[in-house]
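Peer 1: Quick one, fold the following:
(one chain, ligands or ions: 1)
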Amino acid sequence: MTDEEKRLTIENKRLAREVKRLKKDNDILRVANEQSANTQAYFQRSLTKQASYITEFLRSAPYFMLITDDRLRTVMVSDQYFKYPHSLTKEEVLQGVDAKRLLSDFFYGPALSILLEKCRLCLAGKEIKPYMQYLIKDGRRFAIEVNIRPMMEDSKITGLSILQLDMTEIVSNMEQARAADRAKSNFLANMSHEIRTPMNVITGMSEFILRDSHDEEAKKHASSIKAASKSLLSIINDILDFSKIESGKMDFVNDPFMTSSMINDVATMMRIRIQDKPLEFRLEADEDIPVMLFGDEGRIKQILINLMTNAIKFTKKGYIRWSVRSVKVDDGHCRLFVEVEDTGIGIKHENIEKIFSDFTQVDTKRNRSEEGTGLGLAISQRLAEQMEGKLGVKSVYGKGSTFFFDILVRVEDWTPMGKLNEVHSEQTADIYRPSIVAKDARILVVDDNEMNLEVTAGILEPYGIEAACADSGEKALEMYEPDKYDLIFMDHMMPVMDGVETMKKIRKLPGGKDAVIIVLTANALSGAAVEYKKMGFQDFLAKPLDPKNMDRIMRAYLPPEKIIES
Ligand code: ADP
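Peer 2: Coordinates of the predicted model:
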């Protein structure tokens, strides 16, 4: 082979290699090209898909949604727009017209100006909070929630989305619910008034028989009447309490109180209840509990009484153990831990959850003889929760139960309470004797119900007071003279001129501004005390009148020189 031939062969081989490489590159390019076409097709498909999603979304969205550009011209609108009388076609909207034209199909007057102003502010970068707009159209009232949000691209505002939610139904349901709630509160206030007024007579009169009668048989009957009306009253109170908690209106009246007297009060009450049962009452009160606490003593007692009354109710024999101890939380607070253990019927495992529900009593076949509303535990649990604690139970069916709760209380005095000085009072302690005498006090009682007048006057008798009585607001105004009465007890609900009106009229008479007027009311709903004080009364007394509260009022409002300790 000549040199030339050799060179050509090499060149040929090189060219063949070059062709092969080019072919390979070509293949790669072809594949890449195909891939790019595929990707493009894919993107095209997803764009079409997305567009169809958006179209579908705008078509079926149950609310009105408008998208505009940054000059407030229409870009898109949901089909909801076309369901109402409208002035623009779909094409016009897509081509872009002044959004004001479209929005004025819904909004008019100040509502339209407010909306456009908010749109302008939003385009200028201000955050616009959703707001409620009320509109009247064709005699119907609409409640529309308007949401305006900027549409962003590369952190620049490119337009707006304006969303309108029709809240008419929700708002009207809410208004109805509020009206129903108000009706419930009014009903409760009225019911409590209707029931408490006659109860006032029943408890008052039985109190008089117990105090004045020498006939042992009559006294026994009176004592039963008093006990029955007390239990009826406690049921009414349960229902009222419960509805107060439900509506978040439960008041807590926080005051300093002596720990030992709180424990003693409840223990005494329980010892009396336990008297006719073969039950032992064990009280284990830790001596280290701070001597003086600050909180709502009444509400704490309410939980304790609830748990212990249940324990006594559901235990035939054995014991009731009540233990109470405290743990320091910080410089100002301690946590009280309470346990009430009984050896009673116990609660089935599957019923444990249920007993804390409202109006629930379990095992009713066994408990039929026991009265109650099934609200006690529900109320106690909520009271404990409001005092930042919890209520729970451990129980073995047939063996007994242990209810326990804890609450957070402020500490007034950290000195340990020490050993309890237990007072074993007799049942007769129930007959109330006032702690003072006020023979010279001059008191006017105003009530349209004659029996109630008699009851109030009767409660005042042991104080040595002979009260003047008026059976109407008009009569009270006639009898009123400046400085004639140290105290005026005024019934709230009276026909023609009620207690509030009478009080206001007295206030306008000479010396009336300073007259001490205490309202007597069966409306024990939450907030009543504050309301009555706001109206202009100095204080209020709930019916049925509790002689113990009368003592408080006497001490607080009678001139001190007329009070003699008895
Ligand atoms: P009631 O007013 O009926 O006592 P509660 O809410 O206080 O309502 O109690 C609900 C139910 O829980 C009771 O009816 C009873 O079935 C059950 N229960 C409560 N305490 C005890 C207990 N110490 N032992 C057994 N069962 C109890």
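
Peer 1: Take stretch 175-189, keep the C-alpha atoms, and write them as PDB.
Peer 2: What follows is stretch 175-189 as a C-alpha-only set of coordinates in PDB (Å, rounded to 0.1, in the frame of the first residue of the first chain):
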ATOM      1  CA  GLU A 175     -79.600  36.300  65.900                       C
ATOM      2  CA  GLN A 176     -82.300  33.700  66.500                       C
ATOM      3  CA  ALA A 177     -80.000  31.800  68.900                       C
ATOM      4  CA  ARG A 178     -79.300  35.000  70.800                       C
ATOM      5  CA  ALA A 179     -83.000  35.800  70.900                       C
ATOM      6  CA  ALA A 180     -83.700  32.300  72.200                       C
ATOM      7  CA  ASP A 181     -80.900  32.700  74.800                       C
ATOM      8  CA  ARG A 182     -82.400  35.900  75.900                       C
ATOM      9  CA  ALA A 183     -85.900  34.300  76.100                       C
ATOM     10  CA  LYS A 184     -84.300  31.400  78.100                       C
ATOM     11  CA  SER A 185     -82.800  33.900  80.600                       C
ATOM     12  CA  ASN A 186     -86.000  35.800  80.900                       C
ATOM     13  CA  PHE A 187     -87.900  32.600  81.300                       C
ATOM     14  CA  LEU A 188     -85.500  31.500  84.100                       C
ATOM     15  CA  ALA A 189     -85.700  34.900  85.800                       C
END
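
Peer 1: Tell me where the stretch 251-400 of the chain has helices.
Peer 2: Here the stretch 251-400 of the chain has its helices, by DSSP state H, counting those that start in this stretch, at 259-274, 297-313, 364-367, 376-386.

Peer 1: Show me which residues of the stretch 401-550 of the chain are close to the ligand?
Peer 2: With the criterion set to CB under 6 Å from any ligand atom, the stretch 401-550 of the chain comes near the ligand through Ser401. C-beta here means a position set from N, CA and C on the backbone, and glycine is covered the same way.

Peer 1: where do the strands sit along the stretch 401-550 of the chain?
Peer 2: Assigned strands in the stretch 401-550 of the chain, in chain order: 436-437, 443-446, 468-470, 487-491, 517-521, 539-542 (criterion: DSSP state E, counting those that start in this stretch).

Peer 1: Save these as TSV, and put in mean pLDDT and mean neighbour count too.
Peer 2: Output for those, formatted as TSV (pLDDT from 0 to 100; neighbours: other CB atoms under 10 Å):
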stretch	mean pLDDT	mean neighbour count
strand 436-437	90	17
strand 443-446	95	25
strand 468-470	94	20
strand 487-491	95	26
strand 517-521	91	25
strand 539-542	87	19
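
Peer 1: Now tabulate those strands in JSON lines and tack on distance to Thr39.
Peer 2: Rendered in JSON lines, the data for the strands of the stretch 401-550 of the chain read as follows (distance: least, CB to CB, whole Å):
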{"stretch": "strand 436-437", "distance to Thr39": "98"}
{"stretch": "strand 443-446", "distance to Thr39": "93"}
{"stretch": "strand 468-470", "distance to Thr39": "97"}
{"stretch": "strand 487-491", "distance to Thr39": "88"}
{"stretch": "strand 517-521", "distance to Thr39": "81"}
{"stretch": "strand 539-542", "distance to Thr39": "81"}
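
Peer 1: now for the longest helix seen in the chain, which elements pack on it?
Peer 2: Longest helix in the chain, counting residues (DSSP state H): helix 3-60. The helices and strands touching helix 3-60, judged by 3 or more CB pairs under 8 Å, 6 or more residues apart in numbering; DSSP states H and E, are strand 74-77.
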